[in-house]
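1. Sharing a model prediction with you, sequence too.
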Amino acid sequence: MSKQFKNPTEDPLWLKLLLGAVALGFIAILLLLPLALVFKEAFADGVTTFINAIKEPDTLSAVKLSLIAAAIAVPLNTVFGIAAAWCIAKYDFRGKTILVTLIDLPFSVSPVVAGLIYVLVFGAQGWFGPWLVEHNIHILFALPGIVLATIFVTFPFVARVLIPLMVDLGRDEEEAAATLGATGLQTFLRVTLPNIKWGLMYGILLCNARALGEFGAVSVVSGHIRGVTNTMPLHVQLLYDNYDYAGAFAVAALLAMLALLTLALKSLLEWRYADELAASHRH
Amino acid sequence: MSLVVDSITKKFARFPALNGASFVAPQGAFVSLLGPSGSGKTTLLRILGGLEFADSGSVRFADLNWLDMPARTRNAGFVFQQYALFKHMTVADNIAFGLRVRPRAQRPSKADITKRVTELLALVQLPGLDARYPSQLSGGQRQRVALARALAIDPRMLLLDEPFGALDAKVRKELRADLRRIHDHAGVTTVFVTHDQEEAFAVADLVAVMKDGRIEQFGTPQDVRKNPKTAFVSEFLSA
């Protein structure tokens, strides 16, 4: 009686192989091949050409602008994300579902539309346009516009990661801290933050990756002034359009490296964070 | 210096949780709030702890307008049904939390905190477990840590919300006896919520039987058992 029982959810071998082949083929053709090609093209004429292309002043200025925009947008969205998640997880109020939906809005709106909104508001013909011109304040085609567009697009990342985590954690520990005499700030720093730190870092990482890579919304508000308002993704397009393939692929490779670094950190965090989450569920 | 709870009402979005709950207990008493689910006992306890706010009514305790004070300044130790221990802290850090968050002038020295933690662990009969994390403890042990944490702040009042609800019968009995012993030792006014009448009668000096947000009867266990005032009380007790 050594009849092997079949697992009720087990599929035939040919189906497993087919599904595996489809998934792997898809990843290989659509993700890995282009990524490999970016690096191949970037280093086609040797490392020196690559470094020279990066060292070009306009390229360096694009890298700098992207980093500045991310350095402003990511901390602001981190503070906002924590505040939003705190409100949603710790308080009961009317319109909570509306707030959650609004936080998701940037995910569902095309980034180009987001850029156009800022043109309508701050552009020369926009609501605040004349006032801004009068006071010599530059938002569009300048750093503030790029930062605003980046903030809009990367708005949901931190909040989206923290909301389910904090809802799941509940309010018990914060309530216990309050009855033990902790102030709101002490409770946040000593109780809430340690419980959400891995999730928070994960959200910040995703937010940062998107902030550096954003094209659509930034493209509308930047004005594409070479060496002044071009971010890295915009600069890639500009170089490509000018038949500077070596330069375009060099910057693209740099962006791809940032993405790979993010991915590596993300996997590391996922591994750590899953561990922590499992520990917190061991009740 | 007694605890005077006077006509507390509280409405949640859909239903009234408390409909004028009142009782008077002497300082140092052990009071049980007993009643079926939905009778408002946990809401009343959370109002005493400052975790929920009454719509009307007042509480006077130790000559203080108790309800005007935020939870933080009431110095009322609270023990939750699901323990609510700080997961990322060791047992010792959990117990020391209430001492460490005090303003510098009132904060005991490091050595005093360590000494206090050791004393409390002995009091709740968990000596030597200070370096463990909550996830490494059994339910009964976790609730003992939660009790030690609440006692660490030298509370004016000790509030327990079905503290033994998640534990098995044997552990419940042990913890109940220990709680009574600790209460008698510290002399702190204690309010204890339970839906288990045997538990309420075994541990408390005074029992408040609750129904629909009101206190149906308030008295000593013997008195309530011998002379149930309403049909509900006699029915609830015979169930």
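-> Sure thing, it's come through.

2. near chain A, which residues of chain B?
-> With C-beta under 8 Å from any C-beta of the partner chain as the criterion, chain B meets chain A at residues B:49-51, B:70-78, B:80, B:82, B:84-88, B:97-98, B:101-102, B:135, B:146, B:149-150, B:152-153, B:159. Where C-beta positions appear, they are placed from N, C-alpha and C, glycine not excepted.

3. Could you list the domains of chain B?
-> When chain B is parsed with automatic domain parsing, its domains come out as B:1-75+B:156-239, B:85-154.

4. With mean neighbour count and mean pLDDT as added columns, please give those domains in a markdown table.
-> Below are those laid out as a markdown table (neighbours: other C-beta atoms under 10 Å in any protein chain shown; pLDDT from 0 to 100):
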| stretch | mean neighbour count | mean pLDDT |
| --- | --- | --- |
| domain B:1-75+B:156-239 | 18 | 93 |
| domain B:85-154 | 18 | 95 |
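
5. Looking at the helix or strand where A:Val218 lies now, give me its mean pLDDT.
-> Following DSSP states H and E, one finds A:Val218 within helix A:216-222. Computed over helix A:216-222, the mean pLDDT rounds to 92.

6. in the following helix or strand past it, what counts as buried?
-> Next helix or strand after helix A:216-222 toward the C-terminus (DSSP H and E): helix A:232-241. For helix A:232-241, a neighbour-count test (16 or more other C-beta atoms under 10 Å in any protein chain shown) marks A:Met232, A:Pro233, A:Leu234, A:His235, A:Val236, A:Gln237, A:Leu238, A:Leu239 as buried.

7. isn't the fourth one right up against A:Asp58?
-> Just to be clear, that refers to A:His235. Yes: using C-beta atoms under 8 Å, A:His235 is in contact with A:Asp58, at 7.0 Å.

8. list the residues that contact both of these two?
-> A:Arg226 (C-beta atoms under 8 Å, 6 or more residues apart in numbering or on different chains).

9. who are the neighbours in contact with A:Ile151?
-> A:Ile151 makes contact with A:Ile72, A:Ala73, A:Leu76, A:Asn77, according to C-beta under 8 Å, 6+ apart.

10. Report the separation between it and chain B.
-> Distance, A:Ile151 to chain B, using C-beta to the nearest C-beta, to the nearest Å: 31 Å.

11. got a list of contacts for the longest helix seen in chain B?
-> Ranked by residue count, the top helix of chain B under DSSP state H comes out as helix B:169-186. With contact meaning C-beta under 8 Å, 6+ apart, helix B:169-186 is reached by B:30, B:123-125, B:139-140, B:143-144, B:147, B:151, B:158, B:160, B:163-164, B:167, B:190, B:192, B:199, B:202-203.

12. go on, stretch A:122-139?
-> Stretch A:122-139 is contacted from outside by A:Tyr118, A:Val119, A:Leu120, A:Val121, A:Leu140, A:Pro144, A:Gly145, A:Leu148, using C-beta under 8 Å, 6+ apart.

13. Is there a quick PyMOL command that grabs whichever of these are buried?
-> Per 16+ other C-beta under 10 Å, the buried members of those correspond to this PyMOL selection:
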select buried, chain A and resi 118+119+140+144+145+148
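
14. need the contacts of stretch A:122-139 in TSV with distance to A:Ile225, secondary structure and pLDDT, can you?
-> Formatted as TSV, these follow (distance: C-beta to C-beta, whole Å; DSSP: H, G, I helix; E, B strand; the rest coil; pLDDT from 0 to 100):
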residue	distance to A:Ile225	secondary structure	pLDDT
A:Tyr118	17	helix	89
A:Val119	16	helix	90
A:Leu120	21	helix	89
A:Val121	21	helix	88
A:Leu140	11	coil	86
A:Pro144	14	helix	92
A:Gly145	12	helix	93
A:Leu148	17	helix	93
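
15. ok, so of the contacts of stretch A:122-139, who is nearest chain B?
-> A:Leu148 (36.7 Å; C-beta to the nearest C-beta).

16. That closest one contacts A:Tyr118, correct?
-> Yes: A:Leu148 is in contact with A:Tyr118 according to C-beta under 8 Å; the separation is 5.7 Å.

17. what are the ranges of the helices in chain B?
-> B:41-49, B:71-74, B:91-100, B:110-123, B:139-152, B:169-186, B:197-203, B:221-226, B:231-238.

18. can you put the ones you listed in a markdown table and add distance to A:Leu206?
-> Listed next are these as a markdown table, based on distance: least, C-beta to C-beta, whole Å:
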| stretch | distance to A:Leu206 |
| --- | --- |
| helix B:41-49 | 37 |
| helix B:71-74 | 35 |
| helix B:91-100 | 31 |
| helix B:110-123 | 40 |
| helix B:139-152 | 35 |
| helix B:169-186 | 44 |
| helix B:197-203 | 49 |
| helix B:221-226 | 58 |
| helix B:231-238 | 54 |
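
19. Mind checking those for the one nearest to B:Gly35?
-> Evaluated with C-beta to C-beta, the helices of chain B place helix B:41-49 nearest to B:Gly35, the distance being 5.0 Å.

20. How far away from the center of its chain is that closest one?
-> 9 Å (C-alpha atoms, centre = their mean, to the nearest Å).

21. same check, this time on stretch A:200-213
-> That offset, for stretch A:200-213, works out to 4 Å (C-alpha atoms, centre = their mean).

22. for chain A, which helix is longest?
-> helix A:245-281.

23. Quick one: mean pLDDT for it?
-> 80.

24. In the stretch 51-200 of chain A, what residue spans correspond to helices?
-> Assigned by DSSP state H, counting those that start in this stretch, the helices in the stretch 51-200 of chain A fall at A:57-90, A:96-108, A:111-122, A:129-134, A:143-154, A:156-169, A:172-179, A:184-187, A:193-213.

25. possible to save the ones you listed as TSV with distance to B:Asp93?
-> Converted to TSV, the helices of the stretch 51-200 of chain A look like this (distance: least, C-beta to C-beta, whole Å):
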stretch	distance to B:Asp93
helix A:57-90	23
helix A:96-108	33
helix A:111-122	45
helix A:129-134	53
helix A:143-154	36
helix A:156-169	18
helix A:172-179	12
helix A:184-187	14
helix A:193-213	11
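
26. Determine which of those approaches B:Gly35 most closely.
-> Among the helices of the stretch 51-200 of chain A, helix A:172-179 sits nearest to B:Gly35 (C-beta to C-beta), with 22.0 Å.
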